[in-house]
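Asker: Sequence first, predicted coordinates after that:
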Amino acid sequence: MSTTPTTPPTTFRLEDTVALVTGGSRGIGRAITCELAAAGAAVVPVARSTDELESVVAEIEADGGEAFAVPADVTDPDAVADAIDRTVEEFGGLDTVVNNAGFNPDDALGRPEDVTTESFDRTLAVNLSGAYEVATAAAQHLHDNGGGSVVNVASVGGLVGLPRQHPYVASKHGLVGLTKSVALDWAPDVRVNAVAPGYVSTELTEELESNEQLRQSILDRTPLERFADPAEIAGPVVFLASDAASYVTGSCLSVDGGWTAR
Ligand SMILES: NC(=O)c1ccc[n+]([C@@H]2O[C@H](COP(=O)([O-])OP(=O)(O)OC[C@H]3O[C@@H](n4cnc5c(N)ncnc54)[C@H](OP(=O)(O)O)[C@@H]3O)[C@@H](O)[C@H]2O)c1
């Protein structure tokens with residue numbers, strides 16, 4: 001079999017579709033937004049800070065794509081509803097939702113007895129309830145367009161336990177469970193899947209990567225022996241959003257350099 005790169009099959013293309021990406025302003029979400037736009041979708045990055053949103057829109061438009069930013073906090077149901085309404089007003093519908101907004105705050109790291117309920121709840125509010133809020137607010141549009149799709153950005157922490165990160169791990173296990181359950185309820189019209197990234201070079205992992213001992217322990221555990229580039233998470237998301245994945249629903253695709261294969 002030839003290893004020469006070829007043009008992707010047309011089933012991976014997303015022309016005439018509209019995609020909303022939470023946390024689409026930087027890191028993995030920015031890469032996903034740009035890759036969905038490159039595949040032909042009109043894209044709507046959603047995040048809280050306006051400056052970064054404007055910069056991703058400018059980048060996509062400079063490449064000939066269509067983008068429209070909406071500032072919103074995924075923990076605010078009114079702001080989420082407004083983001084969905086403005087997306088549909090601007091682009092006439094909504095086909096793909098990528099729930100990528102997430103964080104792992106310092107005050108939620110530690111032994112279970114040392115982390116406050118407030119820190120635990122705040123982590124779940126963004127990583128899990130935020131995704132639920134966005135998906136349910138978009139539900140009618142995803143069904144109306146006759147074949148929408150949701151892709152949730154989970155984590156290897158959604159598949160296995162990680163020490164000193166129980167709020168993050170609980171939120172991501174919850175997101176994988178939500179993915180499977182909603183996939184059953186929304187079939188056959190709307191497909192719902194997740195990706196579970198391993199360690200990716202972004203602002204979220206900056207501190208981790210700069211600690212030589214921690215970085216090395218992650219590399220030792222990762223068969224591909226490196227952190228991922230955000231673009232390497234975006235490709236699998238485009239696949240799951242596209243017709244190339246037309247028979248895939250309720251799945252969680254590990255994108256972790258082999259981390260969970262051990
Ligand atoms: N980096 C990794 O190694 C890794 C591994 C596995 C999974 N993940 C997951 O991948 C996703 C993206 O991570 P990342 O590393 O790209 O993080 P990041 O660089 O910190 O970016 C996070 C994005 O989410 C947005 N965001 C955060 N809180 C939000 C809120 N309440 N409402 C709306 N937007 C919000 C941020 O923008 P604003 O701050 O302006 O709102 C930003 O656009 C997260 O769900 C994370 O758990 C990351």
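Answerer: Ah, there it is.
Asker: Let me see the mean pLDDT of stretch 111-121.
Answerer: Stretch 111-121 comes out with an average pLDDT of 98.
Asker: Sort out which residues of it are buried, please.
Answerer: Residues of stretch 111-121 classed as buried: 115, 119, 120 (neighbour count, 16 or more other Cβ atoms under 10 Å). All C-beta atoms are positioned from the backbone trio N, CA, C, and that covers glycine.
Asker: same deal with stretch 212-224?
Answerer: 218, 222.
Asker: which residues touch that stretch?
Answerer: Stretch 212-224 is contacted from outside by 198-199, 208-209, 225-227, 256-259, 261-262, using Cβ atoms under 8 Å, 6 or more residues apart in numbering.
Asker: between those, which is closest to the ligand?
Answerer: Checking the contacts of stretch 212-224 against the ligand by Cβ to the nearest ligand atom gives residue 199 as the nearest, at 4.7 Å.
Asker: The closest one - nearest residue in space that isn't next to it in sequence?
Answerer: With Cβ to Cβ, 6 or more residues apart in numbering as the measure, residue 227 is the residue that lies nearest to residue 199, at 4.8 Å, once sequence neighbours are left out.
Asker: which residues touch that neighbour?
Answerer: If a contact means Cβ under 8 Å, 6+ apart, then residue 227 has 199, 200, 201, 205, 209, 218, 219 as its contacts.
Asker: please redo it, this time with the cut-off set to 7 Å
Answerer: Contact analysis of residue 227 by Cβ atoms under 7 Å, 6 or more residues apart in numbering lists 199, 200, 201, 205, 209.
Asker: quick one on the thing from earlier: same list, the contacts of stretch 212-224, but as JSON lines with pLDDT please.
Answerer: Output for the contacts of stretch 212-224, formatted as JSON lines (pLDDT from 0 to 100):
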{"residue": "198", "pLDDT": "98"}
{"residue": "199", "pLDDT": "97"}
{"residue": "208", "pLDDT": "91"}
{"residue": "209", "pLDDT": "94"}
{"residue": "225", "pLDDT": "97"}
{"residue": "226", "pLDDT": "97"}
{"residue": "227", "pLDDT": "98"}
{"residue": "256", "pLDDT": "98"}
{"residue": "257", "pLDDT": "98"}
{"residue": "258", "pLDDT": "98"}
{"residue": "259", "pLDDT": "97"}
{"residue": "261", "pLDDT": "97"}
{"residue": "262", "pLDDT": "91"}
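Asker: For ChimeraX, what selects the buried ones among the residues you listed?
Answerer: Command for ChimeraX, covering only those of these found buried under the criterion 16+ other Cβ under 10 Å:
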select :198,199,227,256,257,259
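Asker: Which stretches in the stretch 151-262 of the chain count as strands?
Answerer: According to DSSP state E, counting those that start in this stretch, the stretch 151-262 of the chain carries its strands in the segments 191-197, 252-255.
Asker: Does the ligand have contacts with the shortest one?
Answerer: No. Interface with the ligand: strand 252-255 contributes nothing (Cβ under 6 Å from any ligand atom), its closest point being 8.7 Å away.
Asker: quick revisit: with mean neighbour count, mean pLDDT and distance to residue 91 as added columns, please give the strands of the stretch 151-262 of the chain in JSON lines.
Answerer: Below are the strands of the stretch 151-262 of the chain laid out as JSON lines (neighbours: other Cβ atoms under 10 Å; pLDDT from 0 to 100; distance: least, Cβ to Cβ, whole Å):
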{"stretch": "strand 191-197", "mean neighbour count": "26", "mean pLDDT": "99", "distance to residue 91": "20"}
{"stretch": "strand 252-255", "mean neighbour count": "20", "mean pLDDT": "98", "distance to residue 91": "27"}
